[in-house]
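**Q** 3D, please:
(4 chains)
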Protein chains: 2
Amino acid sequence: MATPDFDRVFGALADQTRRDIVRRAIDGEEGVAELADHYPMSFAAVQKHVAILERAGLVTKQRIGRRKVVRTNLQGLNAARRLLDRYEDLWRDRIDRMTTFIADTKETTQ
Amino acid sequence: MATPDFDRVFGALADQTRRDIVRRAIDGEEGVAELADHYPMSFAAVQKHVAILERAGLVTKQRIGRRKVVRTNLQGLNAARRLLDRYEDLWRDRIDRMTTFIADTKETTQ
DNA sequence: CGATCATACAACCATATGGTTGTACTGTGC
DNA sequence: GCACAGTACAACCATATGGTTGTATGATCG
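**A** Residues are numbered from 1 along each chain as shown, chains lettered A, B, ... in the order given. Okay, here's the model as predicted:
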């Protein structure tokens, strides 16, 4: 799997409409036009949002009959989650280093 | 804690420079000018990036001497992580419903 | 094949974004 | 109090973004 483009992933998630599309597309039952019915904007606008999500790897489209059903891609979301997890790891590392430093300081100054 | 503005949080994370600032600011030792030295852009540009991260609740600034030290705020990052976790939960719920449906179908059609 | 439903995409517009330079404010140290 | 380090912010520019309408392509049904 190619390394995800985090600019695109987080950029795609930085819009309420697109996050809502991601949520709806978890069920993976609606086409672009059906999704568009939920939002107060044109079909073309929603189609653009879906395209942005698709380029970010957050959803996929599958042709079913005359529709293209939009499905969210959990792997894309997980890529973002793992990056945030990594920050958490770095945070813990820092706490560990501080704890070690304090322990060393105690030893050497006493 | 106020509900986070996910547009701002994800928007702030949708930039490589800002993600790198978040990573560096985990150590919480550098002021804005020191952070700026790491990047091939003006001090003002970095200062703007920090301001965007601050408005998104991803970092805080604390005056220490004549500097303002930038520290990443783990709570902000965790708000984003929890939203992504929620998508994962919805995904599982869907799988559960599908499994139940299949089980029910088996029972009623046999 | 012809009509049409569903999707794709181009052109356009207003506003947001990411960068610049320049100026002003705020603490620190002498 | 002055000089200056460090930060903040305004004005400006180029490009990206989110929306629109209009047109073209693709698959299905009669």
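
**Q** Quickly note the distance from the residue nearest to the spatial centre of chain A to B:Asp37.
**A** Note on chain A: the residue nearest the mean C-alpha position is A:Leu77, at 3.8 Å, using Cα atoms, centre = their mean. Distance, A:Leu77 to B:Asp37, by Cβ to Cβ, to the nearest Å: 35 Å. Backbone N, C-alpha and C define where each C-beta goes, glycine included.

**Q** same question, A:Asp37
**A** From A:Asp37 across to B:Asp37, the span is 51 Å (Cβ to Cβ).

**Q** And for A:Gly65?
**A** 58 Å.

**Q** export the helix or strand harbouring A:Leu53 as CSV, just CAs?
**A** Using DSSP states H and E, A:Leu53 maps to helix A:43-55. Extracted in CSV, the C-alpha atoms of helix A:43-55 (Å, rounded to 0.1, in the frame of the first residue of the first chain):
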residue,chain,number,x,y,z
PHE,A,43,-25.2,17.5,-7.3
ALA,A,44,-22.0,18.7,-8.9
ALA,A,45,-20.8,20.1,-5.6
VAL,A,46,-21.3,16.7,-3.9
GLN,A,47,-19.7,14.9,-6.8
LYS,A,48,-16.6,17.1,-6.3
HIS,A,49,-16.6,16.3,-2.6
VAL,A,50,-16.7,12.6,-3.3
ALA,A,51,-13.9,13.0,-5.9
ILE,A,52,-11.8,14.7,-3.2
LEU,A,53,-12.5,11.9,-0.7
GLU,A,54,-11.7,9.4,-3.5
ARG,A,55,-8.3,11.0,-4.3
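
**Q** which ones are touching the closest residue to A:Gly28 other than its chain neighbours?
**A** Using Cβ to Cβ, 6 or more residues apart in numbering or on different chains and skipping residues adjacent in sequence, the residue nearest A:Gly28 is A:Arg71, 3.8 Å away. Each residue near A:Arg71 by Cβ atoms under 8 Å, 6 or more residues apart in numbering or on different chains is listed here: A:Ala25, A:Gly28, A:Val59, A:Thr60, A:Lys61, A:Gln62.
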